[in-house]
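Peer 1: Kindly generate the corresponding structure for this input.
(chains A and B)
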Amino acid sequence: MTGPRHATVRSQSGQSGLPGALFPLAAVGVLFLVLPVLGLLVRTPWRTLADELTSSDSLTALRLSLECASLATLLCALLGVPLAWLLARGRFRGRGVLRALVIVPLVLPPVVGGVALFTAFGRRGIVGSHVYDAFGVALPFTTWAVVVAEAFVAMPFLVIAVEGALRGADARLDEAAATLGASRWYTFRRVTLPLVAPGLAAGAVLCWARALGEFGATITFAGNFPGTTRTMPVEVYLALQQDPSAAIALSLLLLVVSVAVLAGLRERWLTIPV
Amino acid sequence: MADDPGVNPPARGLRARIQVRRGPLELDVALDVAAGETVVLLGPNGAGKSTTLRVLAGLLGCDRGRVEVDGRVLEDTASGRFVPPPDRAVGMVFQDYLLFPHLSARENVAFGLRARGTERATALGRADAWLERVGLVSCAGRRPRQLSGGQAQRVALARALASDPRLLLLDEPLAALDAGTRLDVRADLRRHLGGFDGAAVVVTHDALDAMVLADRLVVVEDGRVVQTGAPRDVATRPRTDYVARLVGLNLLRGRAVGARVDLDAGVTLSIAAPADGDVMVAFPPSAVTLHRTVPEGSARNCWAGEVATVESHGDTVRVVLSGPVTVLADVTPLAVADLGLRPGTPVWASVKAVQTSVYPV
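Peer 2: Numbering: from 1, shown residues only, chains lettered A, B, ... in the order given. Sure thing, here's the model as predicted:
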């Protein structure tokens, strides 16, 4: 009689196994994460918020950010899905090395990423110089440079998500499709892609969020020209030096977008890859 | 096999000779199945049955061999010809069905037609007709995870048949079902195979499935065909210990001289029908009688052995007897009590001559 009741009480409290010394540290950890967000909310100039956000500079930067992040996500999906497929289903030597290379942009400081993009696609870059010689065009400091910088930094998120989903999908379904007369391309479109769609969606949202917040690689490789390369994060950084309340208003907007992404993904994070 | 197919008109059905080495398996089988015939590949796990199916489907290439369906060469290692799976007109039912989880039952059945370019409406119409044939119209809109095992099996069969294959391959089609469902699905499968006009090859390691589904049995062990014949012949005249165990018979080998067989182990049996030369002797466990002392009369048909195990087997008791020959004996629980049978008990065993089946090796 006593035993089970005792056990119930313990399981209800649920924390009996944790050393007490961890609680203060955990509490500080929570404050550390929450306070900056709180500060942003407290200092937000609520009265002038509408004006700050609808100023032409803000709107231009916002539009540019949304466009570039979306284009970068498309680019990542176009290149990342086949890449994920290769990593998940391919059987070749050096697959581990390839996966490591794909993940490099994830751990690379974004500024270094921007410099690296220069050395590849800049006017004197190992690829860019040939393009400039042949066509007279250069990528850096254009809107496309923003897209490329964002895609470079954000692509690992998409590749990793889709690769995980592909590993979760039964590859023998491809064989079943083959015996039913489906070509490899038909099988990819009608079987493989629908099966990894949830993973692809989650990866794309993460990728988009990362691209939207991209700062270091963008300002290094694309610069800071209003209307063509000055995205929201860059705008926030510049505003902070002249008009802090504008910076806070813009930051709040980016925060709202981030929270929306998190809310949209919560379910996905728990369910992928099945 | 015809070395020169030009001489005879191409036979309808499957003609295959397959040699594959995969790890420990050295597969070397010849398989001919007439159109409309169902051949069951029966054998223990790892015998090469599933590998054979995968080669026939084109999912695995063979090292040496030739596969021909209705006169069309699908694979010939001599000429380097290999038709990839999508172009083979071969239908396959996989062991765990491999239905597409994101498609409804009818979309699954229509998949093959759609993949081959049939218009969507037409394909779905034909899928519905197939679902009706397998009795699943009411499940047409369901996803695979909403189907029971038996229903999923029927959808998989309909999916394989819907694109009108000339060769139908079924890999352990009943293995994933529970005993109750299995009975119904087995009977239905037999009916559908009977109505199929192409060649059908079924892989199983279950004797009952094999007996019910097969027009002809091909027993495969260790990558080789060890016995082939009508289910009845295989069931009454097993040629290997594996088949004998599967059909529940004792199988002994010896040399016949008239109405007597000298077993390899030194025991002599008298048999009902005289024979000559190397023979196999098969008899059911129920034909074996056990005694504590040498039985009177036909001393010839008995030998001394020792009880190895005693197990209840339905309403009889199955005794495994070791000694010069290892045999199974089915006795009544009363006999177990009267004879005091337990592991280690020395007994005399005798076999009723009329219940033995004797046939040349």
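Peer 1: burial measure for the residue in the stretch 201-350 of chain B positioned nearest to chain A, as a count.
Peer 2: Closest residue of the stretch 201-350 of chain B to chain A, CB to the nearest CB: B:V201 (13.2 Å). C-beta here means a position set from N, CA and C on the backbone, and glycine is covered the same way. Residues lying near B:V201 (other CB atoms under 10 Å in any protein chain shown) number 26.
Peer 1: Double-check that it belongs to a strand.
Peer 2: Yes - with DSSP: H, G, I helix; E, B strand; the rest coil as the criterion, B:V201 is assigned to a strand.
Peer 1: what sits against it?
Peer 2: Neighbouring residues of B:V201 by CB atoms under 8 Å, 6 or more residues apart in numbering or on different chains: B:14, B:31, B:33, B:38-41, B:52-53, B:56, B:167-170.
Peer 1: could you redo the last one with a cut-off of 10 Å?
Peer 2: B:14, B:16, B:31, B:33, B:37-41, B:49, B:52-53, B:56-57, B:90, B:92, B:167-171, B:218 (CB atoms under 10 Å, 6 or more residues apart in numbering or on different chains).
Peer 1: Which of those fall within strands?
Peer 2: Using DSSP state E, the subset of the contacts of B:V201 located in strands is B:14, B:16, B:31, B:33, B:38-41, B:90, B:92, B:167-171, B:218.
Peer 1: Scan the residues you listed and report the most crowded one.
Peer 2: That'd be B:V90 among those, by other CB under 10 Å, with 30 neighbours.
Peer 1: pLDDT score for it?
Peer 2: Listed pLDDT for B:V90 reads 95.
Peer 1: Look up the closest residue to it, ignoring the ones flanking it.
Peer 2: Of all residues beyond its chain neighbours, the one nearest B:V90 is B:L167 (4.6 Å), with distances taken as CB to CB, 6 or more residues apart in numbering or on different chains.
Peer 1: is it true that that neighbour touches B:V55?
Peer 2: No - counting by CB atoms under 10 Å, B:L167 stays clear of B:V55, with 11.9 Å between them.
Peer 1: Give me the common contacts of those two.
Peer 2: B:16, B:67, B:74.
Peer 1: which residues touch the second one?
Peer 2: Residues in contact with B:V67, defined by CB under 10 Å, 6+ apart, are B:14-18, B:31, B:55-58, B:73-77, B:81-83, B:88, B:90, B:167.
Peer 1: Parallel or antiparallel, list what pairs with the strand or helix carrying it.
Peer 2: Assigning secondary structure by DSSP states H and E places B:V67 in strand B:64-69. Strands that pair with strand B:64-69, judged by DSSP bridges, come out as strand B:13-22 (antiparallel), strand B:72-76 (antiparallel).
Peer 1: And the shortest one, what's buried?
Peer 2: By neighbour count, and taking 16 or more other CB atoms under 10 Å in any protein chain shown as the criterion, the buried residues in strand B:72-76 are B:73-76.
Peer 1: and the two most separated of those?
Peer 2: Greatest spacing in the buried residues of strand B:72-76, by CB to CB: B:L74 and B:D76 (8.2 Å).
Peer 1: Between those two, which contacts overlap?
Peer 2: Counting by CB under 10 Å, 6+ apart, the residues touching both B:L74 and B:D76 are B:66-68, B:82-83.
Peer 1: Give me the neighbour count for residue 68.
Peer 2: Went with chain A since none was named. A:C68: 27 neighbours (other CB under 10 Å).
Peer 1: That was the other one, I meant chain B.
Peer 2: 21.
Peer 1: mind checking how far it is from B:R12?
Peer 2: Distance of B:E68 to B:R12, computed by CB to CB, to the nearest Å: 11 Å.
Peer 1: what does A:A239 give?
Peer 2: From A:A239 to B:R12 the distance is 81 Å (CB to CB).
Peer 1: higher neighbour count, those two?
Peer 2: A:A239 (21 against 16).
Peer 1: Tell me if I'm right that that one and A:L253 touch.
Peer 2: No - between A:A239 and A:L253 there is no contact under CB under 10 Å: 11.9 Å.
Peer 1: nearest to chain A, of the shared contacts of B:L74 and B:D76?
Peer 2: The nearest member of the shared contacts of B:L74 and B:D76 to chain A, counting by CB to the nearest CB, is B:V83 at 11.7 Å.
Peer 1: Tell me who's in contact with that closest one.
Peer 2: B:58, B:67, B:69, B:72-76, B:89-90.
Peer 1: biggest separation within the residues you listed, which pair?
Peer 2: B:D76 and B:A89 (16.8 Å).
Peer 1: I'd say A:A204 and A:T73 touch.
Peer 2: Yes - at 5.5 Å, A:A204 counts as touching A:T73 under the criterion of CB under 10 Å.
Peer 1: Just the element for B:M280, please.
Peer 2: Taking DSSP H and E as the criterion, B:M280 maps to strand B:268-283.
Peer 1: right, and the helix or strand after that strand?
Peer 2: Next along the chain from strand B:268-283, counting by DSSP H and E, comes strand B:288-291.
Peer 1: partners of that next one in the sheet?
Peer 2: Within its sheet, strand B:288-291 is paired with strand B:346-351 (antiparallel), according to DSSP bridges.
Peer 1: Please tell me how far the strand it pairs with is from the chain's geometric centre.
Peer 2: Distance of strand B:346-351 from its chain centroid, counting by CA atoms, centre = their mean, to the nearest Å, is 33 Å.
Peer 1: and the angle for that strand with strand B:268-283?
Peer 2: Interaxial angle of strand B:346-351 relative to strand B:268-283 (axes from the mean of the first three to the mean of the last three CA atoms, to 10 degrees): 70 degrees.
Peer 1: In strand B:346-351, which residues are buried?
Peer 2: Applying 16+ other CB under 10 Å to strand B:346-351 flags B:347-351 as buried.
Peer 1: domain parsing for chain B?
Peer 2: B:13-242, B:248-360 (automatic domain parsing).
Peer 1: Comparing those, which yields the minimum mean pLDDT?
Peer 2: For the domains of chain B, where the average pLDDT is lowest is domain B:248-360, sitting at a mean of 88.
Peer 1: circling back to that earlier point, which one of the contacts of B:V83 is nearest to chain A?
Peer 2: Among these, B:V90 lies closest to chain A (CB to the nearest CB), at 6.2 Å.
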